[in-house]
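Trainee: any chance you can model this:
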Amino acid sequence: MLSLPAHTQETYKIIIMIPIGVLIILILRILIGIPTIGTFMPVLIALAFRDTTLLWGIIFFTLVIIIGLSFRRYFESLKLLTVPRLGMLLTVVVLILAGITILTNKLEFQTGLSVSLFPMVILTMAIERIAILWEERGPNEALTTSIGSLFSSSIIYLFIFNDSLEYIFFTFPSLLLVIMALMLLIGKYRGYRLSELMRFNSLINKKKN
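Mentor: Numbering: from 1, shown residues only. As a prediction, this is how the structure comes out:
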């Protein structure tokens, strides 16, 4: 890996950390029970935070999701087909990001300038998934899942953009086999999640009382 050209090394330094992000998602979803938007969406969101830093990424993500959900609800009332609706939603996301970028530029917040690089397709699909979840399971479930996704993305961000871990895994890429072994172990797990144990424990305590 160290013999690759410099620009290729920089790309693989990010790519090689993605399995670690996936491992974290497996731990958070299967062992702890934190709900997320899809399986790999939090990993993609964490990668998008690279352009904005973690704090600004969370702020931008929240703003775009809230505004995008409002437009998505309006588009739903127009009884559009799925693909045209997604196309219009993507256009709205682009306009929102452009507006935020112009605003942060006027306010001289240099961090905001990188929001234009925030992957638009990721945001569009996140809005669509949250909207569907809202319609099928209600606002509480949608809010819980959104918060769980942001929390998961933040944890993943701290790991995959850690310089020490990046150096270790880039220098010794065979360590990814250890990550695969851990995924295999988690894949065999059939027990209760931590969140379920906590919920059942509260029920047991109520019965005892």
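Trainee: who's in contact with the residue nearest the centre of the chain?
Mentor: Nearest to the geometric centre of the chain sits residue 42, at 2.1 Å (Cα atoms, centre = their mean). By Cβ atoms under 8 Å, 6 or more residues apart in numbering, the residues touching residue 42 are 21, 25, 36, 149, 152-153, 156. C-betas here are computed from N, CA, C, even on glycine.
Trainee: after the helix or strand hosting it, which helix or strand is next?
Mentor: Using DSSP states H and E, residue 42 sits in helix 41-48. Reading on from helix 41-48 to the C-terminus, the next helix or strand found by DSSP H and E is helix 54-77.
Trainee: that following helix packs against which elements?
Mentor: helix 41-48, helix 82-106, helix 120-137, helix 139-160 (3 or more Cβ pairs under 8 Å, 6 or more residues apart in numbering; DSSP states H and E).
Trainee: chain center to the longest one: distance?
Mentor: It stands for helix 82-106. 19 Å (Cα atoms, centre = their mean, to the nearest Å).
Trainee: now swap in the last one and tell me
Mentor: Taking the mean of its C-alpha atoms, helix 139-160 sits 6 Å from the chain's own mean (Cα atoms, centre = their mean).
Trainee: by how many degrees do it and helix 120-137 diverge?
Mentor: Interaxial angle of helix 139-160 relative to helix 120-137 (axes from the mean of the first three to the mean of the last three Cα atoms, to 10 degrees): 150 degrees.
Trainee: just want the angle from the helix or strand just after helix 139-160 to helix 139-160.
Mentor: The helix or strand immediately downstream of helix 139-160 is helix 163-171, counting by DSSP H and E. Computed with the same axes, to 10 degrees, the direction of helix 163-171 lies at 70 degrees from that of helix 139-160.
Trainee: now stretch 100-108: buried residues?
Mentor: 100-101, 104 (16 or more other Cβ atoms under 10 Å).
Trainee: can you give the distance from that stretch to the centre of its chain?
Mentor: That offset, for stretch 100-108, works out to 25 Å (Cα atoms, centre = their mean).
Trainee: keeping just the C-alphas, turn that stretch into CSV.
Mentor: Output of stretch 100-108 as CSV, limited to C-alpha atoms (Å, rounded to 0.1, in the frame of the first residue of the first chain):
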residue,chain,number,x,y,z
ILE,A,100,-26.8,27.4,3.4
THR,A,101,-23.4,27.8,1.6
ILE,A,102,-24.3,31.4,0.5
LEU,A,103,-25.5,32.2,4.0
THR,A,104,-22.5,30.9,5.7
ASN,A,105,-20.3,32.7,3.2
LYS,A,106,-22.0,36.0,4.0
LEU,A,107,-21.6,35.3,7.7
GLU,A,108,-17.9,34.5,7.0
